[in-house]
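*Asks:* Just need the structure, nothing else, for what follows:
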Amino acid sequence: MKNNKLFIAIIIALIMGVLLGCTFYYQFPAHKEVFANNIRLLGTIFIRLIQMIIAPLVFCTLVVGIAKMGDMKMVGRVGVKAMAWFITASFFSLAIGLALVNLFKPGVNAKFDLDNMQDATELVSKTDALSLKSFIEHLIPQSVFEAFAHNEILQIVVFAVFFGIALTTLGERGNQIITLFDKISEVVLKMVTYVMWTAPLGVLGAIAGIVAVNGLSIFLVYGKFLIAFLGGLIVLWTILIIAGYFFLGKDVWRLMKAIKEPLLIAFSTTSSEAVFPKLVENLKEYGCSPKVVSFVLPLGYSFNLDGSMMYLTFASIFIAQIYEVEMSLATQIGMLLVLMVTSKGVAGVPRASLIVIVATCAMFNIPPEGIALILPIDHFCDMGRSMTNVLGNGLSTAAIDKFETNSQEE
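*Replies:* Here you go, the predicted model:
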């Protein structure tokens, strides 16, 4: 019942946000910027409250999960299954984006101003973040305290895996430490229940702010782009749910119901990271093994962002279409394969998807400043891709848990 109350509160906040944003955009345009800057503080408060507890939760749950597995063969087995799922899902996500953008051709004959690209300057300057050096830096922490301070999830995962494995080798001598981390994770999850009641305010602030600045007319200007992208998300959701049904059977619908709040919050706040603690809690309530959740889910947040992956090929080819850059099928497949690798190299970088798109465009002789053309609509696209990221990670964790359970029974 409590979950339903929170879900209803978020829906109401979403509707109120749209109405409030439209009021300022259409009735008080002179004050819309001031209003947007102030109302967004509600979203900032919610996101920062969540960010406050992500690092300790990821670390404690992952360490406890590995330690409780006990058998390093099981850790390796689950890890291999997880990475196999992530790589397969990434390929299909990229392929769907590539297929849909070629089918709908939203950038062909689009009338955009190609002279004013100042908004792209900051993103173009950050393309140096996409390199082997940056990938290693984001993979291996220079200092675990720095990783915690900056919420570098991938770095925390790497340190936690080493720590958990080392703790397992201590045998009974490490039981007290395992118990301590287990209790800390319980306390943090209790904090999640309190923090989540600020989610409706965060949703209200995020939605009202963006609608007040852009208005609803933005959907008409980018109508073809949004319809094509929405079609891609529907196809991707269908494939993910079918894959989930293959492993979970009819339980896939129970899982969808269990993670409805994280899905809605991710959609409203455009942040899949913001729902990580709640997703951990909901997956455990659904029935997933805590040790599988605590191991697979943090990995998924680094390697399994299905919605973002689909957006990479979709947006890159969209920009190429606007600039009338001819790309053969072989070249587009080459771009897909490049994105399979480069998309993993900017973990923890703000607006990572846009930075990857800029770098990829430059690599394939597409004007990288064209990223400015999708910035006005990027927030709304981010709503869909963040929601899809959460769905993909929820399904992958539940499926791997079920597969692991079946393996043990055999």
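*Asks:* Mind picking out the helix or strand in this protein with the poorest mean pLDDT?
*Replies:* Across the helices and strands of the chain, mean confidence by mean pLDDT, DSSP states H and E is lowest for helix 121-125: a mean of 56.
*Asks:* SS state for Ser271?
*Replies:* coil (DSSP: H, G, I helix; E, B strand; the rest coil).
*Asks:* show me the contacts for Thr397.
*Replies:* By C-beta atoms under 8 Å, 6 or more residues apart in numbering, the contact set of Thr397 is 283, 288, 292-293, 296-297, 300. From N, CA and C alone the C-beta is placed, and that goes for glycine too.
*Asks:* Throw together a ChimeraX command that grabs the buried residues out of those residues.
*Replies:* Burial among these is assessed by 16 or more other C-beta atoms under 10 Å; the matching ChimeraX selection reads:
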select :283,288,292,293,296,297,300
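*Asks:* tell me the SS of Asn365?
*Replies:* With three-state DSSP as the basis, Asn365 sits in coil.
*Asks:* Can you pull the phi and psi angles for the spatially closest residue to it that is not a sequence neighbour?
*Replies:* The shortest distance from Asn365 to any non-neighbouring residue, by C-beta to C-beta, 6 or more residues apart in numbering, is to Val325 (6.8 Å). Torsion angles at Val325 (phi, psi; degrees, to the nearest 10) stand at phi -90, psi 120.
*Asks:* measure Val325 to Leu180 for me?
*Replies:* Distance, Val325 to Leu180, by C-beta to C-beta, to the nearest Å: 57 Å.
*Asks:* Would you confirm that Thr331 contacts Phe364?
*Replies:* Yes: proximity of Thr331 to Phe364 meets the contact threshold set by C-beta atoms under 8 Å, at 6.8 Å.
*Asks:* between the two, which one's more packed in?
*Replies:* Remark: of Thr331 and Phe364, Phe364 carries more neighbours, 17 against 14, as counted by other C-beta atoms under 10 Å.
*Asks:* Wait, that one touches Ala330, no?
*Replies:* No: the pair Phe364 / Ala330 is not scored as a contact, 11.8 Å apart, by C-beta under 8 Å.
*Asks:* rewinding a little: around the residue nearest to Asn365, how many other residues sit close by?
*Replies:* Val325 has 17 nearby residues by other C-beta under 10 Å.
*Asks:* And it, how far from Val108?
*Replies:* Distance of Val325 to Val108, computed by C-beta to C-beta: 12 Å.
*Asks:* likewise Ser185?
*Replies:* Going from Ser185 to Val108 by C-beta to C-beta gives 51 Å.
*Asks:* Hmm, Ile366 and the residue nearest to Asn365 touching each other?
*Replies:* Yes: between Val325 and Ile366 there is a contact at 5.2 Å, judged by C-beta under 8 Å.
*Asks:* quick one: low-confidence ranges for this structure?
*Replies:* Confidence mapping of the chain against pLDDT under 70 gives the ranges 1-3, 70-71, 110-138, 342-352, 406-410.
*Asks:* Now do the helix or strand that contains Met335: distance to the chain's middle.
*Replies:* Per DSSP states H and E, Met335 falls inside helix 329-342. Relative to the chain's own centre, helix 329-342 is displaced by 21 Å; criterion: C-alpha atoms, centre = their mean, to the nearest Å.
*Asks:* what does that helix contact?
*Replies:* By C-beta under 8 Å, 6+ apart, the residues outside helix 329-342 that reach it are 87, 90-91, 94-95, 98, 102, 130, 309, 312-313, 316-317, 327, 356, 359-360, 363-364.
*Asks:* does Glu324 sit in a helix, a strand or a coil?
*Replies:* Recorded secondary structure, Glu324: coil (three-state DSSP).
*Asks:* Use 55 as the first number for this chain going forward.
*Replies:* Okay, residue one is now 55; in that scheme the one you just asked about reads as Glu378.
*Asks:* what's the distance between it and Asn163?
*Replies:* 10 Å.
*Asks:* Contacts only, for Phe78.
*Replies:* Per C-beta under 8 Å, 6+ apart, neighbours of Phe78: 85-86, 89-90, 262, 266.
*Asks:* ok, it to Lys86 distance?
*Replies:* Counting by C-beta to C-beta, the separation of Phe78 from Lys86 is 5 Å.
*Asks:* tell me, what's touching the two both at once?
*Replies:* Here Phe78 and Lys86 share the contacting residues Ala266, scored by C-beta under 8 Å, 6+ apart.
*Asks:* can you count the residues close to the nearest residue to Leu449 once chain neighbours are set aside?
*Replies:* Using C-beta to C-beta, 6+ apart and skipping residues adjacent in sequence, the residue nearest Leu449 is Gly298, 4.2 Å away. Using other C-beta under 10 Å, the number of residues around Gly298 comes to 23.
*Asks:* Please apply the same query to Ala384.
*Replies:* Residues within reach of Ala384, counting by other C-beta under 10 Å, total 8.
*Asks:* again, but for Ala84
*Replies:* Per other C-beta under 10 Å, the neighbour tally for Ala84 reads 7.
*Asks:* pretty sure Leu366 is touching Ser407, no?
*Replies:* Yes: shown here, Leu366 and Ser407 form a contact pair, counting by C-beta under 8 Å, at 6.4 Å.
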